[in-house]
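A.B. asks: coordinates only, no sequence provided:
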């Protein structure tokens, strides 16, 4: 959730007060101020409430009855849930104040409070907490990004694709950037993706019968489906995948459920469907939002009873499977538009896994690039050592509308076509967050002849490549090009060549 959205939402305030009359008066007053308010009477109740629904701020009475006073409860809320407190107390003695400091409170309001003073204290505390969240988010993003970038940097500042851990080193899903099993590789450097994977693994070991994966196109829903199958109880049984959008509506039902001999003109022999073939294992239905409504009704019965009938069949076929469905469109909107059955949506949506877009988990970009370079080096028989700093910066600044699929395709093209040892930013063809996969090449200015424009562009690219290969060491670049340093400086000025930005600088 963005900071702008946090500002727009009414703040959720938890009042911890053992005086019933005082707490109700405070609830009414906070409601007038426009806050959403809950009231509990003990420190243990406050902690239990925070576990269920994390508040934005706690108004904490220091003198509470029970085993936990307000200062201890405030400390636990801060350490465990990062929920700040403002103290409410009729006691302002030095001893109480010293004890109160352990929870790093955002304020201390003494009773009886004035209406205006109370509201001012709350608003200031919320503002300070919101600013603190901003700082924490910036620090977390910078830290996560640098943790992934710095170990991969060449001594001269170039991202190195071959700086992996030594053979046999253990791979930790929590501390590392990937998890391996067999020939499968799952990259997860960002905190958001690690949380998704941890949640997916918890689901995988359960006996849940239906899982819904949602996320933009290219975020890796098919990879996640296979990941969950591998870590689940059905890992040694079949995994069958079908893209509902790739099969004509007239054939989709027979592909899923199979048919008996004579069910239609060309049905000369009985054929089991994919659901029957996958019995005991996992079925992955991608783009389920494209499934025709009549087929949806039949699929609902599979989820409810684990039975169905083949086309033209007279007997029920029993199966035991886990159905993983995926969609890059919002199925709730499809329900409202009448294109998706409400009952099937709610049956699928018991367990939902939402994959974040790549632009929201930038810490994954460079580890993914490293993995794809290694993969395509092996597949295409190339030896790209990594990417230049400018290329890494371009990747981090790009919007990636096609998500991981777009990144993979960009790296594949770059590895195939790159003539240098290091992958250049020009090979990725990324510019200001806009994908150039299908954009036409820019035409030379009308005032410049075709031949001259081509020569100038060729010279400009040669200069850029020489400078990037030498890490912008002008003396070495001039020697590589066979020209004087002064000539090189003139050409840099003539073509307005941008100076490189370090990766660390680009994230601050």
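C.D. replies: Thanks, I have it. As the structure is a computational prediction, the values presented were derived from the model and not from experiment. Numbering: from 1, shown residues only.

A.B. asks: for the residue nearest the centre of the chain, give me its contacts.
C.D. replies: Nearest to the geometric centre of the chain sits residue 356, at 3.1 Å (Cα atoms, centre = their mean). Neighbour list for residue 356: 192-193, 196, 215, 219 [criterion: Cβ atoms under 8 Å, 6 or more residues apart in numbering]. Glycine gets a C-beta too; all of them are placed from N, C-alpha and C.

A.B. asks: out of these, grab the one that's most surrounded.
C.D. replies: Among those, residue 219 has the most neighbours (other Cβ atoms under 10 Å), with 27 neighbours.

A.B. asks: now it: how far from residue 275?
C.D. replies: Distance of residue 219 to residue 275, given as Cβ to Cβ, to the nearest Å: 26 Å.

A.B. asks: just to revisit the earlier point, report pLDDT for the residue nearest to the centre of the chain.
C.D. replies: As predicted, residue 356 sits at a pLDDT of 91.

A.B. asks: go on, the one 5 residues further on?
C.D. replies: Confidence per residue is given as pLDDT, and for residue 361 that number is 89.

A.B. asks: pretty sure it contacts residue 196?
C.D. replies: No - taking Cβ atoms under 8 Å as the definition, residue 361 is not a contact partner of residue 196, at 9.2 Å.

A.B. asks: with residue 312 as the reference, measure out to residue 484.
C.D. replies: Distance, residue 484 to residue 312, by Cβ to Cβ: 84 Å.

A.B. asks: one more: residue 46?
C.D. replies: Relative to residue 312, residue 46 is positioned 63 Å away (Cβ to Cβ).

A.B. asks: same check on residue 346?
C.D. replies: 30 Å.

A.B. asks: which one of the two has more residues nearby?
C.D. replies: Between residue 346 and residue 312, residue 312 has the larger neighbour count (other Cβ under 10 Å), namely 15 against 10.

A.B. asks: need the phi and psi values for that one.
C.D. replies: phi 80, psi 0 (degrees, to the nearest 10).

A.B. asks: give me the pLDDT value at it.
C.D. replies: pLDDT at residue 312 comes out at 86.

A.B. asks: also residue 96?
C.D. replies: pLDDT, read off for residue 96, is 60.

A.B. asks: what of residue 445?
C.D. replies: 40.

A.B. asks: which one of the contacts of residue 356 is nearest to residue 404?
C.D. replies: Residue 404 has its nearest neighbour among the contacts of residue 356 in residue 219, at 6.3 Å by Cβ to Cβ.

A.B. asks: my guess is that closest one contacts residue 355, does it?
C.D. replies: Yes - if you go by Cβ under 8 Å, residue 219 and residue 355 touch, sitting 4.2 Å apart.

A.B. asks: count of residues packed around residue 419?
C.D. replies: 7.

A.B. asks: and it, how close does it get to residue 430?
C.D. replies: For residue 419 relative to residue 430 (Cβ to Cβ), the value is 18 Å.

A.B. asks: swap in residue 391?
C.D. replies: 9 Å.

A.B. asks: please list all residues in contact with residue 465.
C.D. replies: So residue 465 contacts 420, 424 (Cβ under 8 Å, 6+ apart).
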